[in-house]
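Enquirer: pasting the sequence and the predicted model now:
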Amino acid sequence: MASPRVERGFTLLELLLVLVIMTVLASIAIPQVAWLLGDRRIVRGASQIREEFMLARVDAMRQGRILMIDAMLESDTIRVRPYFSMTDAVNAVDQTGSQSALLSGAEQAQITPVIQNEEQIREVKLPEEIVVRSVSVVSAARAAEIQQAMLSDQVSGYSQPILFYPDGTTSTASVVLSHPVHGQITVKMRGITGDVTVSDVGPNP
């Protein structure tokens, strides 16, 4: 007569041992995964800035007008928008065939620059925990009018505008993105050619 088969399960001690091992492995793996995700976010943010630069350059040429990119410093927000000068405002009034008196005499002084239309501002959000640390723009003579018009924005926390011209040229500029743990990365644009390069991730200063 065959003896009955005895099925053996896990003891409480074995289950506790498995749980301890899993906890130790998780404590090692989770920070590594979080580190990799954070590192990828800052690289993805730089790629996002690079793509916006390239898109703005193409749009400026296609639309035949100056486009600007600036950023709220120490935040995750950049914005893309067209620039309208006083000349644009005068031409717009002239083309309507009305209010022609604005173009002559003392009333001409009442025309003010139309810098932007709120509906034409496009905001872009960077990945989580990625902020714009700084924006540096090389001064150029033809940008003086626009930079002067944008001074009020800089007082409110926005950076200098990076300009994209209808002829395909741009400002020479650099944007530094930062992550509190994973360091910073720099996106640079060359004004004559519009070429954009991205640095390696480095430590925060």
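Expert: Thanks, I have it. Numbering: from 1, shown residues only.
Enquirer: point to the residue nearest the middle of the protein.
Expert: Centroid-nearest residue in the chain: residue 78, 4.3 Å away (criterion: CA atoms, centre = their mean).
Enquirer: how about the strands in this protein?
Expert: 67-71, 77-82, 122-125, 131-137, 162-164, 173-179, 183-189, 196-198 (DSSP state E).
Enquirer: which one of these lies nearest to residue 57?
Expert: strand 162-164 (5.0 Å; CB to CB). Glycine gets a C-beta too; all of them are placed from N, C-alpha and C.
Enquirer: which residues are contacting the closest one?
Expert: Residues outside strand 162-164 that contact it (CB atoms under 8 Å, 6 or more residues apart in numbering): 53, 56-57, 59-60, 66-70, 83, 135, 137, 143, 146, 170-171, 173, 175, 189, 194.
Enquirer: one step back: nearest to residue 19, of the strands of the chain?
Expert: Nearest of the strands of the chain (CB to CB): strand 173-179, 33.6 Å.
Enquirer: could you list the low-pLDDT ranges of the chain?
Expert: By pLDDT under 70, the low-scoring segments of the chain are 1-10, 24-38, 85-119.
Enquirer: longest single helix anywhere in it?
Expert: helix 12-63 (DSSP state H).
Enquirer: and that helix, how far from the chain's centre?
Expert: Remark: helix 12-63 is offset 18 Å from the chain centroid, using CA atoms, centre = their mean, to the nearest Å.
Enquirer: what's the distance between residue 183 and residue 48?
Expert: Noted for residue 183: a distance of 17 Å to residue 48, by CB to CB, to the nearest Å.
Enquirer: ditto for residue 14
Expert: Separation of residue 14 from residue 48 (CB to CB): 49 Å.
Enquirer: what about those two, which has more around it?
Expert: Using other CB atoms under 10 Å, the more surrounded residue of residue 14 and residue 48 is residue 48, with 18 against 10.
Enquirer: any idea how many residues pack against residue 62?
Expert: If we define neighbours as other CB under 10 Å, then residue 62 has 9 of them.
Enquirer: just residue 141 next, same as before
Expert: When neighbours are defined as other CB under 10 Å, residue 141 has 6 of them.
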